[in-house]
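A.B. asks: generate coordinates for the sequence data below:
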Amino acid sequence: MNSRIIPIMRKEFIHIRRDPRTLTFMFLIPVIQLVLLGYAATTDVEHLATAVLDYDRTSASRELIDAYQASNYFDILYYIDNEEEMARLIDGGKVRAGMIIPAGYKEGLEKDHQGEIAFLIDGSDPTVARTAFSAATSVGQAKSVKLVQEIFGIEPEEQPGIEVHSRVWYNPEMRSANFMIPGIIGIILQLLTTFITGVAIVREREQGTIEQLIVTPIKPYELVLGKVIPYVGIAFFDLSEVLIVGVFWFGMPIHGSIPLLLALALLSLLTSLGLGLLISTVAHSQMEAMLLTFLILMPSIFLSGFFFPIEAMPLALRAISYIIPLRYLLIIVRGIILKGVGLRLLTEQVIAITVFGAAILGLASLRFRKSLE
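C.D. replies: This next block holds a predicted model:
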């Protein structure tokens, strides 16, 4: 390595060591993100608070209530006497679902082999409502199959109908954490690295030390490399930190090649380091650098597929997502970790992040060189 780059790197490490807030941000924030998103950002909805209004009050209605309770989707917390009380509980947010069993439920089963119940679902949160709706239907269908078996003596496999055998690949438990943790790796590689790179260079300008570096024989590219290489090392430390916690704490499986993941992560840093440099040429203070980073961060998170599937977005937003580098990085990281795919199936994404990285880093280098002249 060029002997003039090493002193700049050493100087940057000293800056980092002397700033405990930066150290805390760089090493603690990824863990906090991992814990919060691993536990809180989940679509695995269970144990919904539920109220029951049982007008029938028979052994058959009690069996039905027990079936819903045993499903783990519904926690029966309230047994009430009228629909007005049901409405108050749902309006007050004390329950998310209400089950109404009409009078004559058991009689209908015995006479016509038909039973009807009503489910009221709080739709203020669509994710919870969809889960409650699906669970209420599936538990009812399972109970129907059992009743047919008891009444007619027909085994489930002998009943007419279409039998569907579904199989989930890559994430058979459908755990949200297995989806979110690879996404956090993408966030760290792209956004955290962009933030710390942009702020680090702007800090030199604020402190007036960058002018001292300009008058030295150091070339612009040597200055850039000396300042960003320490943050590349920190980014890989954070990546390793998230992988270790994800595997040993959350039980996330890694199906693909870790060396390939690290190699493509290094390639993706061209984009984030270029964005950091670009921000440093526009911002005149660390606060401006932070605001510009967050201006980039918000559309990247929402349009990259980190939280929401791109397929569910309007056509215009889907078109915009093609110019979001994080979109391609998330496909790479999730493909390697969850699916175990190799480089051959990631060619399109690798080409995209290479083009984005070269273009952004080239533009940033030109602007940075002009800002030093």
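A.B. asks: residue 358: how many residues sit nearby?
C.D. replies: Counted with other C-beta atoms under 10 Å, residues neighbouring residue 358 total 13. For every residue, glycine as well, the C-beta is placed using N, CA and C.
A.B. asks: report the secondary structure state of it.
C.D. replies: helix (DSSP: H, G, I helix; E, B strand; the rest coil).
A.B. asks: correct me if wrong: it contacts residue 271.
C.D. replies: No: if you go by C-beta atoms under 8 Å, residue 358 and residue 271 don't touch, sitting 9.1 Å apart.
A.B. asks: next structured bit after the helix or strand that contains residue 29?
C.D. replies: Element membership for residue 29 (DSSP states H and E) is helix 20-39. Counting by DSSP H and E, the next helix or strand C-terminal to helix 20-39 is strand 48-54.
A.B. asks: where does the prediction get shaky in the stretch 201-350 of the chain?
C.D. replies: Where the stretch 201-350 of the chain drops to pLDDT under 70, the residues are 208-218, 220-221.
A.B. asks: to clarify, my last question referred to the stretch 51-200 of the chain.
C.D. replies: For the stretch 51-200 of the chain (pLDDT under 70), the answer is 125, 148, 150-167.
A.B. asks: so where do the helices sit in it?
C.D. replies: Here the stretch 51-200 of the chain has its helices, by DSSP state H, counting those that start in this stretch, at 59-70, 83-91, 105-111, 126-152, 176-187, 193-207.
A.B. asks: the fourth one packs against which elements?
C.D. replies: Packing contacts for helix 126-152, counted by 3 or more C-beta pairs under 8 Å, 6 or more residues apart in numbering; DSSP states H and E, involve strand 48-54, helix 59-70, strand 74-80, strand 97-101, strand 118-121.
A.B. asks: in that helix, what counts as buried?
C.D. replies: 128, 129, 131, 132, 135, 136, 139, 140, 143, 147, 148 (16 or more other C-beta atoms under 10 Å).
A.B. asks: and what of the shortest one?
C.D. replies: Taking 16+ other C-beta under 10 Å as the neighbour-count basis, helix 105-111 is seen to contain the buried residues 105, 106, 108, 109.
A.B. asks: show me the contacts for the second one.
C.D. replies: Okay, so that is residue 106. Contacts for residue 106 (C-beta atoms under 8 Å, 6 or more residues apart in numbering) come out as 56, 58, 59, 60, 61, 115.
A.B. asks: as a quick check, tell me the outermost residue of the chain.
C.D. replies: The centre of the chain is farthest from one residue, residue 111, which by C-alpha atoms, centre = their mean lies 50.9 Å away.
A.B. asks: can you select the buried ones among the contacts of residue 106 for me in ChimeraX?
C.D. replies: Here is the ChimeraX command that selects only those of the contacts of residue 106 that count as buried (16+ other C-beta under 10 Å):
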select :56,58,60,61,115
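A.B. asks: of all the contacts of residue 106, which two lie farthest apart?
C.D. replies: Greatest spacing in these, by C-beta to C-beta: 59 and 115 (13.0 Å).
A.B. asks: measure residue 48 to residue 89 for me?
C.D. replies: 12 Å (C-beta to C-beta, to the nearest Å).
A.B. asks: return every residue with contacts to both of these two.
C.D. replies: Common neighbours of residue 48 and residue 89 (C-beta under 8 Å, 6+ apart) are residue 95.
A.B. asks: in the stretch 251-373 of the chain, which spans are helices?
C.D. replies: Shown for the stretch 251-373 of the chain, the helices assigned by DSSP H, counting those that start in this stretch span residues 258-282, 286-303, 315-321, 325-334, 347-372.
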